[in-house]
Structure formats: structure tokens, C-alpha cells
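missing the sequence, but the structure's below:
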DNA sequence: TGCAAATGGTTTCATATGTAACTATAACGG
DNA sequence: CCGTTATAGTTACATATGAAACCATTTGCA
């Protein structure tokens, strides 16, 4: 262990002015990002290696499992990803035979996307995993806290009203 | 507006089994990541362009503002970044004359890091900005919600006890 | 001592991601 | 109709990020 550890004093005795440094560990956006990244990473680790499936790809699969025949743009709306990310995720998914892509009748710019059998098979393995992780996360909170967290996230969520 | 929008039914009438698709917008890790990314991005936009300063660099500056003479590894601990990210951030900061790097007496592997005058000048502009953004974020919540959020994040935070 | 293992830090390489430019098709206005 | 503008999606480029290999130094210990 190293000989000296300077005391955790503030403003580094540097100059006359008060520098009011930010305390990262009490800074809300910082804490949010730590928690969020830790959680996402834990979940992703479950399927990332096993299925060679990225987070973005999984999100696309998740919406296609609920809404079939979406276009790439609609997928983007529902996943809060931008269209480039969706395009790339789809390229991999189609390539891997997990999603089928057809052309929309009457608008040949649009794709019509669906999970394939292989896609469904993966979905049906990953979805329960993800839910299990979510439960593990929530298990750290008591019921009251869980309820508050839900409400708070609703309030903080940028209004991103997907079509009903 | 396009002619048809398929109803939001589940499981895509695909096969006999129940597919139990994940509802992303109710999935906690997903919502967390949306909120976190939105907030971080909003803050970063403030200084990113103005000072050509990345989020990682700002975090390094923030800890150096509170603790002078840290080594890179100590910075990494306090920012929850990995050492590669810290190394890179430091390279840019030192290059830009915002952080000074010396060699530790008695352990020549270690660096001894400090903000320079230029670094302090930037810090003193960015820190209040960041705080203002945090206040804006919290303004969306009432007092009770703010308190709960703080407690909840504490509980969800991975135990990452930096040395006192 | 002296040498294996550990530590601080940087570099390398493969991937991921964001922005802007681009292609193709469709919608609109005269 | 025909040119302009808008939309769906992809490509290209630049930058960011993570994992592992890598150097230098220090520590531990026989």
C-alpha cells in the first residue's frame, strides 16, 4: 500500500477564490448513469456472448415480437434508437436469419419486418432472462420504493409518445 | 400519414405457443437507460462544443478539482471509469494544458495529477452549468419524489466505496 | 539479493456509435 | 405531367469505447 494518501480536502488550496467543485458521487446525472450502465451491462452479459446479440439488436427483436410488420422507422420510434442504429441492427439480424425483411406493398421505400422462427426462438430465451434480471434489480427495493421509482421514471422520461 | 397501422396486438398471431414478449416501455432497465442518456446528453451538450471537452474528460477534471495529486488509478476509482478511458482522457487533458502530470516521488510508475490554471478556469465555468442542469432535472419532481429518488439510487448503486 | 508476480499506465486492435452525405421512392403544387 | 420537396433507408467517415497485449517499475519472498 502506498505511503501517503492526501486528505480529501476541497479546492486543493489552490488560489484565493472558491472553486466549488462538483461532488460526482452526489451528482444525480452521474449516479443515474452508473446505475443504468451497471444494470444494462448485467443484462446484456447474459445474451451478448451466448447469442452474439447486441443490445440494439435485442431491442429491435423485442419490439418486433410485439408488433409485426413494422417498418424500420417505426422500430426506431419504439426503441428510441436513431434510424442509423436500427439500420445496422437490422442488417445483422437479417443476415443472421433472425428477422425477415420484405418490401411494403404500395410504398417501396418501406420495409416490412418480422421475426423469423430462429428469431422467435432466441426471443423466447432472452425475454425471460431479461425479466429475471429486472426482478433481481427490483429485489433491492421494497414495494414502496418500487412504486416511487416507477412514477419518478415516468416523470423524468422525455415525452416520447409512440403511436397507440 | 400512412394508410394502415396494425393494431398493437401481442405475439403476432404466430404460432400456438405464448411468446410473452417484453414490453420495452415498461421495462425498468430500458427506461433507466433512456432517462440517463437523455440527461447526460443534455448536460454534455453544454460544454462539449464550447470547450471541446468530452464527458470522460469532464469527470476526470471534476475529481481533480476535489482531490489534488491523485494518480490515474485513483481517478479511475473515483470516476467509475476504467483505466484505459482515464488514460485517454488524461492524454487529451494534458495535451490541452488543462491538467499537469508529474511523476510520483518514490514510485515512478505513478503520475501525480493536478488541474492547471486553464483547467481551473474551465472547471469554474462547467461546474455551475452542470449544477444548473441537475436542478432543472430535479425541478420535474416534487420534494418527496426527489428524496425517494436519492434513496433509491443509493440502494441501486453498486457498492463502489472509494477510499475515505 | 534476484526473480516471479503484481501494479500503474499506455498502446493496439477490433467494434460501436453519431453525423452527414447519399440513393431511391413517394407526395405535392403548379 | 414535371420539378421540388419530403421520407425511408443505407453508406461513409470520423470518433469513441472495450479488451487484451504490452512496457516499466515495484513488491514479495525464497
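Happy to help now that I have it. The structure presented is a predicted model; accordingly, all values stated were derived computationally and were not measured. Numbers count the residues shown, from 1 in each chain, chains lettered A, B, ... in the order given.

Let me see the backbone angles for residue A:114.
Per-residue torsions, residue A:114: phi -150, psi 150 (degrees, to the nearest 10).

wait, it sits on residue A:64?
Yes - Residue A:114 lies in contact with residue A:64 (CB atoms under 8 Å); the separation is 6.4 Å. (Each C-beta comes from the backbone N, C-alpha and C, glycine too.)

Run through the residues of chain A sitting next to DNA strand D.
Within reach of DNA strand D by CB under 7 Å from any atom of the strand, chain A has these residues: A:2, A:71-74, A:83-84, A:86-88, A:90-91, A:101, A:109-111.

Highest neighbour count among those?
Ranked by neighbour count (other CB atoms under 10 Å in any protein chain shown), these have residue A:86 at the top, with 25 neighbours.

can you tell me how far it sits from chain B?
Distance of residue A:86 to chain B, computed by CB to the nearest CB, to the nearest Å: 13 Å.

Check whether stretch A:102-118 comes near DNA strand C.
Yes - judged by CB under 7 Å from any atom of the strand, stretch A:102-118 comes into contact with DNA strand C at A:106-109.

Grab the nearest non-local neighbour of residue A:158.
Spatial nearest neighbour of residue A:158, excluding adjacent residues (CB to CB, 6 or more residues apart in numbering or on different chains): residue B:38 at 5.1 Å.

give the contact list for the residue of chain A found nearest DNA strand C.
In chain A, the residue that lies nearest DNA strand C is residue A:108 (3.5 Å; CB to the nearest atom of the strand). Residues counted as contacts of residue A:108 (CB atoms under 8 Å, 6 or more residues apart in numbering or on different chains): none.

Surely it is within a helix?
No - checked against DSSP: H, G, I helix; E, B strand; the rest coil, residue A:108 lies outside a helix; its state is coil.

Between residue A:114 and residue A:64, which contacts overlap?
residue A:99.

which of those two has more neighbours?
For the pair residue A:114 and residue A:64, the greater number of neighbours falls to residue A:64 (28 against 19), based on other CB under 10 Å.

Nearest residue to that one in space, please, no chain neighbours.
residue A:115 (5.0 Å).

what sits against that neighbour?
Contacts for residue A:115 (CB under 8 Å, 6+ apart) come out as A:61, A:64-65, A:68, A:98-100, A:123, B:12, B:14.

ChimeraX command to pick out the buried ones of the residues you listed?
Paste this into ChimeraX to select the buried members of the contacts of residue A:115, with burial taken from 16 or more other CB atoms under 10 Å in any protein chain shown:
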select /A:61,64,65,68,98,99,100,123 /B:12
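
now, which of the contacts of residue A:115 lie within strands?
Per DSSP state E, strands hold the following members of these: A:99-100.

Dump the contacts of residue A:115 to TSV, plus pLDDT and distance to residue A:131.
Putting the contacts of residue A:115 into TSV (pLDDT from 0 to 100; distance: CB to CB, whole Å) gives the following:
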residue	pLDDT	distance to residue A:131
A:61	97	15
A:64	97	18
A:65	97	13
A:68	95	21
A:98	97	20
A:99	98	22
A:100	98	26
A:123	96	12
B:12	46	19
B:14	44	20
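
Tabulate the contacts of residue A:115 in JSON lines, adding columns for distance to residue A:140.
Formatted as JSON lines, the contacts of residue A:115 follow (distance: CB to CB, whole Å):
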{"residue": "A:61", "distance to residue A:140": "27"}
{"residue": "A:64", "distance to residue A:140": "31"}
{"residue": "A:65", "distance to residue A:140": "28"}
{"residue": "A:68", "distance to residue A:140": "35"}
{"residue": "A:98", "distance to residue A:140": "33"}
{"residue": "A:99", "distance to residue A:140": "34"}
{"residue": "A:100", "distance to residue A:140": "40"}
{"residue": "A:123", "distance to residue A:140": "27"}
{"residue": "B:12", "distance to residue A:140": "34"}
{"residue": "B:14", "distance to residue A:140": "35"}
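
and which of the contacts of residue A:115 is nearest residue B:47?
Nearest to residue B:47 among those is residue A:61, at 36.2 Å by CB to CB.

tell me which residues in the helix or strand containing the residue nearest to residue A:158 are buried?
Secondary structure from DSSP states H and E places residue B:38 in helix B:28-51. Within helix B:28-51, the residues scored as buried using 16+ other CB under 10 Å are B:28-40, B:43-44, B:46-47, B:51.

which other helices and strands contact it?
Judged by 3 or more CB pairs under 8 Å, 6 or more residues apart in numbering or on different chains; DSSP states H and E, the packing partners of helix B:28-51 are helix A:28-51, helix A:117-138, helix A:143-156, helix B:55-66, helix B:117-138.

relative orientation of the helix or strand of chain A with the lowest mean pLDDT and helix A:55-66 in degrees?
Ranked by mean pLDDT, DSSP states H and E, the weakest helix or strand in chain A is helix A:28-51, scoring a mean of 91. Per axes from the mean of the first three to the mean of the last three CA atoms, to 10 degrees, the angle that helix A:28-51 makes with helix A:55-66 is 80 degrees.
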